[in-house]
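Asks: just need the structure, nothing else, for what follows:
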Amino acid sequence: MPNPGAPLPEALKLDLYDAYLPALTAGLHRIVVQQSIGYERPAGTPQAHHYRRDEAFVVRGPRFLVDENDIHARSPAQGAMGDFHRHIAHIVLRKRALPWERELAAGEGPRVPWMALLLLTEAEFQAQGGEEAVRVMAPTALFAPGRRSADGTVLLPRLDEEPGNEAGDLRVNILDLDRDLARRLCPSRADLARLAHVRRVAMDDKPRAAMHGEGEFPVVCAGRIPAPGANIALLVSLEGWEELVEEAGGAPPSKPSLPEGPGRLRLVVLTRWRFTHDPAAAHSFPAAARGLDTGLLRLASPPGTPESVARPLAAGYTPLPYRTAGGGATLAWYRGPFAPAPVPPLPVDTFAHADAALIVSPEDGSLTLSYAAAWQLGRLLALASPGFLAATRAFIADDAGPREVAFRLDTFMRTHLRAIQREWAADPAPPAAEEADTPGYFRAAMQMLDWLHGLMTLQSVPFSYLVAGEGLLPVASLRYFHLDPNWLLALANGALSLSGTATGDAAAAGPSMRRLLSRLLERCEARAAAEPDPPGTGLDRPRTGFLLRSTLVSDWPGLETVVATAPPSARPLRLERLAGDILLGIAEGQIVSLTFKEPPEGLVLRLGEPHRGVPEPDAERRFSPLARLRAEQALGQTRGGPAMPSGPAPDPLSAAAFVAASVGSGSCQTFIWEIAP
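Replies: Residues are numbered from 1 along each chain as shown. This is a model prediction of the structure:
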């Protein structure tokens, strides 16, 4: 259930920086080395030798397209409809230096980004030709003698060709924008420097993400607030448009102005999206959180459902069509590894084949396919992993069944526990020399353990095996579950079945399979190798989780999730975004509460309320960050950027200062898991 009055559990953790400047910008570079040596010949005649080397090289970087994988979030989100009054649209990227990887021609002030976020109204966009105006063309469309298009009506950017950025099948999104509109919308050089910044945030409570700088997100903002109705945000390249930047806002240019003649300017559109400003619509983090339907992961039983059907539905099973060995069509029950209540352990821990894991109801003869499907899936996933197969052959040279393999791996873990802990705590890729000194059997066993750990946390399990039908996880829902240890046991049995069928003498060694899988889930908790498993631990100890399907996931990428468990545990076993709007979390122990927090890197930016003496947006809703900062400084309202311990005082007119004055405090929502099923 939601806890609507919950404040932010801790202070907002957010560091702001004006920019992240790379040592070398993308583009063509030259390095010249020259040396002169002077000496005297024996006869006293001076002599000199001169050596010179001139080399050209290219620093590669995005030029005509920002890859979707390099985009973390858009605000407002793509397709969002809500009250965005005085909001500052922005895009959050994942490469911390991306807005500064290219350099515009030198001008006064700090280095400015080579990209800008332009905000167009629907009427302005349609006047340019609408969606059809954004054309996909080869990069050669940006280069022509005299910077003119073939018909002379479009002015092209001043660009130099770069090897590798114009060849092949590369395509560019191009918009020929009206010259006057471009001059009005483009930020000035001074404002451009203040419309991009870097946010550094903690990543502890976030799903995994591919980052170029851990927790460092560059943000590019628009210099215009949204208009009522549809708005189109265009992230465009300003490379080659230094004259446009100088003429921005209609001010007299301080540098050579745009050539006269063509009425349109050809801009490279790096990415774009659309949202709607509607004061009557509710699109906000608190509204999305309050609208969640919470409950256990199971289908509801309609009134009048027979007991024979209502009972498996309440236990989380889904009826699926099934064809028997004789060809007859019937229904069978299936449940993935997520159950609405704790699942008691099975009396066996190994299955010789998938059919051995089938469960037949003694009452009505109905089939339960859950563990048989898990066994078969484990076998298929192992077959699809050449590395795991090779490691298995290297570690197990003889015919050994799943229980025998589990016994040997469990013995290996107990014998080499400290070494394994060091291995898992180290960087993923050890130095080649260190790897060469590692015995082959150790590397093979570690490769098997790594793969099995991923299997136990369901890393490679298809979503349809986790959630059998959409009815289990409807839109705008939060579902809790218990992890079924029997399903994991069957999954591991299938994966280890490829090593053979023999049982050997390991059958008398106790529940080595359960102990092995438990240690894999726990990633070798710090216990002595000879220390027995304490009571209450093992594969059957409580492990719970949640599935969230909501715009909280899609519209707020990097959603922070704080999981409180009983007993308290460390970071969840798994916290991962499975799809655009689906988040999965699995934790040790019983989940008591979940707190979803608005990600600091995606916090809403909005202009402060009108204040006497602070310039307001003009009739076209454009604003100047620098003008607002100067006015706020004069009024004593400005908050500076981050101060370094021994560095200079924060600049009250910086990009960080503008964000500090515009960023919201963030929202959060706490949900309590009511334990009774």
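
Asks: quick one: the strands in the stretch 401-550 of the chain?
Replies: Using DSSP state E, counting those that start in this stretch, the strands of the stretch 401-550 of the chain run over residues 477-483, 543-549.

Asks: residue 607 is nearest to which of those strands?
Replies: Among the strands of the stretch 401-550 of the chain, the nearest to residue 607 by C-beta to C-beta is strand 543-549 (31.8 Å). Backbone N, C-alpha and C define where each C-beta goes, glycine included.

Asks: the closest one to strand 477-483, inter-axis angle?
Replies: Put simply, strand 543-549 runs at 160 degrees to strand 477-483, going by axes from the mean of the first three to the mean of the last three C-alpha atoms, to 10 degrees.

Asks: helices or strands up against strand 543-549?
Replies: strand 477-483, strand 582-588, strand 590-597 (3 or more C-beta pairs under 8 Å, 6 or more residues apart in numbering; DSSP states H and E).

Asks: let's go with 6 Å and repeat that
Replies: Strand 543-549 is packed against strand 477-483, strand 582-588, with contacts defined by 3 or more C-beta pairs under 6 Å, 6 or more residues apart in numbering; DSSP states H and E.

Asks: tell me how this structure divides into domains.
Replies: Annotated domains of the chain cover 29-59, 68-277, 296-549 [automatic domain parsing].

Asks: what about the longest one, average pLDDT?
Replies: Looking back up the chat, that one is domain 296-549. Mean pLDDT, domain 296-549: 82.

Asks: how about stretch 586-595?
Replies: Computed over stretch 586-595, the average pLDDT equals 93.

Asks: how about it: buried residues?
Replies: 586, 587, 588, 589, 590, 591, 593, 594, 595 (16 or more other C-beta atoms under 10 Å).

Asks: quick one: contacts for the last one?
Replies: Going by C-beta atoms under 6 Å, 6 or more residues apart in numbering, residue 595 touches 562, 668, 670.

Asks: tell me which element the last one is part of?
Replies: It refers to residue 670. In the assignment (DSSP states H and E), residue 670 maps to strand 668-672.

Asks: list the strands paired with that strand, with their directions.
Replies: Its sheet considered, strand 668-672 pairs with strand 2-3 (antiparallel), strand 590-597 (antiparallel) by DSSP bridges.

Asks: for the last one, what is the distance to the chain centroid?
Replies: For strand 590-597, the separation from the chain centroid amounts to 21 Å (computed by C-alpha atoms, centre = their mean, to the nearest Å).

Asks: so for residue 39, which of the strands paired with strand 668-672 sits nearest?
Replies: Of all the strands paired with strand 668-672, strand 590-597 comes closest under C-beta to C-beta, at 70.9 Å.

Asks: what about the next helix-or-strand element following that closest one, average pLDDT?
Replies: Remark: after strand 590-597, the chain's next helix or strand is helix 625-634, criterion DSSP H and E. Helix 625-634 comes out with an average pLDDT of 90.

Asks: which helix or which strand is home to residue 104?
Replies: If you go by DSSP H and E, residue 104 is not part of any helix or strand.

Asks: what's the neighbour count on it?
Replies: For residue 104, the count of nearby residues is 18 (other C-beta atoms under 10 Å).

Asks: try residue 158
Replies: Residues lying near residue 158 (other C-beta under 10 Å) number 13.

Asks: if I look at the closest residue to it other than its chain neighbours, how far off is residue 316?
Replies: Leaving aside its sequence neighbours, residue 158 sits nearest to residue 240 (C-beta to C-beta, 6 or more residues apart in numbering; 4.3 Å). Distance, residue 240 to residue 316, by C-beta to C-beta, to the nearest Å: 59 Å.

Asks: who has more neighbours out of these two?
Replies: Neighbours per residue (other C-beta under 10 Å) separate residue 240 from residue 316, with residue 316 holding more: 27 against 20.

Asks: I figured the more buried one hits residue 298, correct?
Replies: Yes - using C-beta atoms under 6 Å, residue 316 is in contact with residue 298, at 4.4 Å.

Asks: identify the contacts common to the two.
Replies: Shared contacts of residue 316 and residue 298, defined by C-beta under 6 Å, 6+ apart, are found at residue 340.

Asks: nearest to residue 47 among the strands of the stretch 401-550 of the chain would be which one?
Replies: Proximity to residue 47 (C-beta to C-beta) singles out strand 543-549 among the strands of the stretch 401-550 of the chain, at 78.7 Å.

Asks: coming back round to it: please state the offset of the strand holding residue 670 from the chain centre?
Replies: Taking the mean of its C-alpha atoms, strand 668-672 sits 22 Å from the chain's own mean (C-alpha atoms, centre = their mean).

Asks: residues touching residue 125, list them.
Replies: Residue 125 neighbours (C-beta under 6 Å, 6+ apart): residue 232.

Asks: shouldn't it be within a strand?
Replies: No - assigned with DSSP: H, G, I helix; E, B strand; the rest coil, residue 125 falls outside any strand and is helix.

Asks: fine by me, we can end here.
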